[in-house]
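# Curious how this folds, go ahead:
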Amino acid sequence: MNVAFLRGMNLGRRRITNAALQQVFRQLGYTDVSTYRASGNVLFRGNPDEAMLSQGLQRELGYEVLTFVRTPDQLRAIVDAGPFTPGQLASTLGKHQVTLLAAEPSDADKTAVLGHGTDDDRLVFGERALHWLPRAGVSDSELDHRAIERVLGLGTTRTLGTLRNIARKLG
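Modelled structure (predicted):
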């Protein structure tokens with residue numbers, strides 16, 4: 001089993017039901033397809049090639065779908081990383097966020113991105129992932145996401161809780 005995390009699903013005019021999304025994956029030749037929530041989290045068996053999957057989704061849906069695939073081991077490594085201390089976690093009202101990245105950033109890119117972190121917006125890198133702990137809600141943060149995207153490229157973000165739940169489904 002693998003998991004595809006799709007960027008920008010069910011936002012704006014990009015609306016698709018879980019059943020329809022599962023059907024698209026089946027049409028692309030994937031098996032044992034299921035979804036988690038209506039935000040572009042798809043569990044599947046088959047070739048996990050991100051570029052090929054993204055191209056197939058674009059062909060079937062008619063718009064670009066950035067795709068970030070993780071194996072069960074990769075997802076568990078992200079979930080188990082625990083980059084924030086218990087004290088940091090206890091001192092925030094915000095939820096631990098994880099941005100999945102297309103590639104591992106260079107050391108220079110990591111340094112540039114970490115420079116945007118503050119005590120209110122803690123940042124730590126994992127393997128092809130950026131962990132973010134906002135002090136309050138995501139919308140209350142002053143973190144410059146566009147500046148970070150200019151360095152890292154586009155990613156897709158999920159709460160650590162969502163990633164944990166998906167990892168549990170994978171076994």
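
# alpha carbons only for contacts and neighbour counts from here, please
Will do.

# Report the contact partners of residue 44.
By C-alpha atoms under 8 Å, 6 or more residues apart in numbering, the contact list for residue 44 reads 1-4, 30-34.

# go again using 6 Å as the cut-off
Taking C-alpha atoms under 6 Å, 6 or more residues apart in numbering as the criterion, residue 44 is in contact with 1-2, 31-33.

# How about residue 156?
By C-alpha under 6 Å, 6+ apart, the residues touching residue 156 are 7, 99-100.

# so how far is residue 1 from residue 55?
20 Å (C-alpha to C-alpha, to the nearest Å).

# what are the ranges of the helices in this protein?
Listed in chain order, the helices of the chain (DSSP state H) span residues 18-27, 50-61, 72-80, 86-90, 107-114, 145-152, 160-170.

# Tell me which of those lies nearest to residue 135.
helix 86-90 (9.0 Å; C-alpha to C-alpha).

# Would you mind writing the CA trace of the closest one as CSV?
Taking Å, rounded to 0.1, in the frame of the first residue of the first chain, the C-alpha atoms of helix 86-90 are listed here in CSV:
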residue,chain,number,x,y,z
PRO,A,86,6.8,17.9,24.9
GLY,A,87,7.2,21.4,26.3
GLN,A,88,6.9,23.0,22.9
LEU,A,89,3.8,21.0,22.1
ALA,A,90,2.2,21.8,25.5
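
# quick one: average pLDDT of that helix?
Rounded to a whole number, the mean pLDDT of helix 86-90 is 91.

# Please apply the same query to stretch 29-36.
96.

# Which members of the contacts of residue 44 are positioned in strands?
Using DSSP state E, the subset of those located in strands is 2, 31-33.
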